[in-house]
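J.: Dropping the sequence and predicted coords here.
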Amino acid sequence: MQQRDSIRNIAIIAHVDHGKTTLVDAMLWQSGLFRQNESVPERIMDSIDLEREKGITIMAKNTAIAYRGIHINIVDTPGHADFGSEVERTLTLVDGVLLLVDAAEGPLPQTRFVLKKALEAGLPPIVVINKIDRGDARPAEVLDEVYDLFIDLDATEDQLEFPVLYTNARAGTATPDLAEPGRSLVPLFETILSTVPPPRFDPAMGLQLRVAMLDWDDYVGRLIIGRIVNGRVRQADRVAVVHRDGSTEFAKVTVLYGYEGLKRIEIAEASAGDLVAIAGIEAIEIGETVADPESPQALPLIRIDEPTVSMLFSANVSPFAGREGRFVTSPQLRERLLKEKRVNVGVRVEETDSPDTFRVSGRGELQLAILIEMMRREGFELEVGKPTIITREANGRTLEPMEHLVIDIPEEYIGAVTQKVGPRRGAMVKMVNHGTGRVRLEYRMPARGLIGYRTEFLTDTRGTGLLNHLFDGWDEWQGEIGHRANGALVADRTGRTTAYAIDHLQARGGMFVGPGVEIYEGQVVGENSRDSDMDVNITKEKKLTNMRASTADEAAKLTPPRSMSLEQCLEWIREDELLEVTPKSLRLRKRQLRGRRRF
């Protein structure tokens, strides 16, 4: 085996919001990639609008910097377990990982998830304890927790000999010793060069490239992104594509791109160890191999964890269908979902008995909610059902997915949280009090127990609690879990809502719509204060007479309607309800719109 000393490939892995993307920003600046006066947005790697809004990384992306003549490819991975398939793919591109941990929060469930994948792949880690400038930072304790985590995940002796750096990503400083304040990220760059091995390859082998990501370019069409494991590739080369089933097709490389900073640059050729994007190959999927046409040999396929949550997606058939979106038909919906399946291996799409309904499965509610949000921004109208858990049968027993739940809350909310988690079949595994006024609770509970809980949790903890969960294997069916306790207020006719009607209905429960909104029969307009559904007339107008009462001109005092996000709507609905999603609106409705059919 030979090695290329001029290249290093590294992935940055961490829990959500521990500062991965901010650290990449600082590395790009200090590598001299930007001019001093260049205008560059913060979190430049979060290029999708949704990533900037939510403050999380959804899609893995790669960039490259040069340091002391060595080309360092950096892959920024998502920190949320729902996007775990992105992590599994990107780890096939790199030779080492940079594990980022918050100096106050310490290792959290997703830290465990991404580190486990990296250790299984045998990648050497560099531990970076970030945010050391926080007032509640406890770097020494966090380092002990990181060692415990490595031992818990059966790390080898070599993997336990990891270097440790302390960083402030926002200020762009790193230091190997807390006693000496950092001045720049030079210690980090030096550690990467000394710890991450250069790519190794077999000079006797022909071309082998495993597809890790797919992209699209308006000029050259479909792009496949991956790392050349062996051999070399040039523009206009004839290559073989080895599919999952072992069949082989031939194609031609029309354009070959390499990475320099945030830009793709056209290159004449690339060899083992390089991360490249290739245009010209249409019929290929993630995990398949581009190989030498003379003797095509496939690389091992990427193994992806099973999905645990599924939802039904269907074309919008409500009375208001087609008013707000551009794509409303079931063929358009099918084409969009199949495109997502090709690009995102963490998502499964299956046909159902109905030609306009599809079952979409993923890792969690958030992954499916992000897909729905992206589709509505593209102009799609669709209807989705309640998220349901995927079960398995084994030896005559029904197994369901379990979650490892970690809750971080102020001490005064322990009672409120334990009271809610208990009925959802959560079993407490661990309770830690750091003495800072906050407590960490760890539970093992069924995945379906988490559906609908996040909103309640934020209300119970006044928005101060942190809730994280991670897939924790399969276990026997845990019994029934109660869902929403309250029924729905359902409009009994089509029309426009009035302040007069809402004023009289407020005593019945909370409203989801304000006055002057168009609604249709069967639309859910509020939450009943009782457990049963109720049909209401929310379009009723005040009868006008020529007699004047002393109270006639009193204004209706309306409570502002409850505004719910997409995730909150998905958590709220029951089996007999749907969420209508359009580019401009989110409407809750009953499956059967006519009242007589429902009762």
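T.: Right, received. Where do you want to start?
J.: Return the distance of stretch 528-542 from the chain's centre.
T.: Using C-alpha atoms, centre = their mean, to the nearest Å, the distance from the centre of stretch 528-542 to the centre of the chain it belongs to is 37 Å.
J.: distance of Pro560 from Ile502?
T.: Computed with C-beta to C-beta, to the nearest Å, the distance linking Pro560 and Ile502 is 11 Å. For glycine as for every other residue, the C-beta is placed from the backbone atoms N, C-alpha and C.
J.: Which strand or helix spans Thr21?
T.: Using DSSP states H and E, Thr21 falls within helix 20-30.
J.: Pull that helix out as CSV, backbone CA atoms only.
T.: Extracted as CSV, the C-alpha positions of helix 20-30 are listed here (Å, rounded to 0.1, in the frame of the first residue of the first chain):
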residue,chain,number,x,y,z
LYS,A,20,-19.2,22.6,14.3
THR,A,21,-20.1,25.1,11.6
THR,A,22,-18.7,28.1,13.5
LEU,A,23,-15.4,26.2,13.9
VAL,A,24,-15.3,25.5,10.1
ASP,A,25,-15.9,29.2,9.5
ALA,A,26,-12.8,30.1,11.6
MET,A,27,-10.7,27.4,9.8
LEU,A,28,-11.6,28.8,6.4
TRP,A,29,-10.8,32.4,7.5
GLN,A,30,-7.4,31.5,9.1
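J.: Who is Ile129 paired with across the strands?
T.: Under the criterion DSSP bridges, Ile129 forms beta bridges with Val101, Tyr166.
J.: What's the end-to-end length of stretch 265-273?
T.: Terminal residues of stretch 265-273 are spaced 17 Å apart (C-alpha to C-alpha, to the nearest Å).
J.: hmm, who's touching that stretch?
T.: Stretch 265-273 is touched from outside by 4, 7, 9, 198-199, 201, 227-235, 255-259, 276, with contacts defined as C-beta atoms under 8 Å, 6 or more residues apart in numbering.
J.: the strands in the stretch 451-599 of the chain, which residues?
T.: Listed in chain order, the strands found in the stretch 451-599 of the chain under DSSP state E, counting those that start in this stretch are 466-476, 488-491, 495-496, 509-511, 518-519, 524-528, 534-536, 577-581, 586-590.
J.: Output the contacting helices and strands for the longest one.
T.: What that stands for is strand 466-476. Of the remaining helices and strands, those touching strand 466-476 by 3 or more C-beta pairs under 8 Å, 6 or more residues apart in numbering; DSSP states H and E are helix 109-120, strand 397-410, helix 453-460.
J.: what angle separates it from helix 453-460?
T.: 140 degrees (axes from the mean of the first three to the mean of the last three C-alpha atoms, to 10 degrees).
J.: pLDDT of strand 466-476, averaged?
T.: Computed over strand 466-476, the mean pLDDT rounds to 80.
J.: what are the pairing partners of that strand, and which direction each?
T.: Under the criterion DSSP bridges, strand 466-476 sits next to strand 397-410 (antiparallel) in its sheet.
J.: Repeat that for the third one.
T.: Pairing partners of strand 495-496, with direction, according to DSSP bridges: strand 518-519 (antiparallel).
J.: Which residues outside the partner strand are in contact with it?
T.: Counting by C-beta under 8 Å, 6+ apart, the neighbours of strand 518-519 from elsewhere in the structure are 320, 491, 494-497, 513, 525, 538-539.
J.: one more time with 6 Å, if that's ok
T.: Contact with strand 518-519 is made by 491, 496-497, as judged by C-beta atoms under 6 Å, 6 or more residues apart in numbering.
J.: could the residues you listed go into CSV alongside pLDDT, distance to Met205 and neighbour count?
T.: Formatted as CSV, the contacts of strand 518-519 follow (pLDDT from 0 to 100; distance: C-beta to C-beta, whole Å; neighbours: other C-beta atoms under 10 Å):
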residue, pLDDT, distance to Met205, neighbour count
Ala491, 91, 67, 25
Arg496, 91, 70, 12
Thr497, 90, 69, 22
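J.: Give me the residues contacting stretch 157-170.
T.: Surrounding stretch 157-170, the residues in contact under the criterion C-beta under 6 Å, 6+ apart are 19, 22-23, 26, 125-130, 132-133, 139, 150, 174-176, 178, 188, 191, 195.
J.: Tell me where the stretch 151-300 of the chain has strands.
T.: Across the stretch 151-300 of the chain, reading from the start of the chain, the strands by DSSP E, counting those that start in this stretch fall at 164-168, 173-175, 200-201, 208-217, 221-230, 232-234, 238-242, 248-252, 255-260, 263-266, 269-271, 275-279, 289-291.
J.: deepest of the ones you listed, which one?
T.: Most buried of the strands of the stretch 151-300 of the chain, by mean neighbour count (mean count of other C-beta atoms under 10 Å): strand 289-291, with a mean of 26.
J.: What is the distance between that one and the centre of its chain?
T.: How far strand 289-291 lies from its chain's middle: 29 Å, per C-alpha atoms, centre = their mean.
J.: same for whatever helix or strand comes next after it, what does it pack against?
T.: In the C-terminal direction, the helix or strand that comes right after strand 289-291 (DSSP H and E) is strand 309-315. For strand 309-315, the helices and strands in contact under the criterion 3 or more C-beta pairs under 6 Å, 6 or more residues apart in numbering; DSSP states H and E are strand 357-362, strand 382-384.
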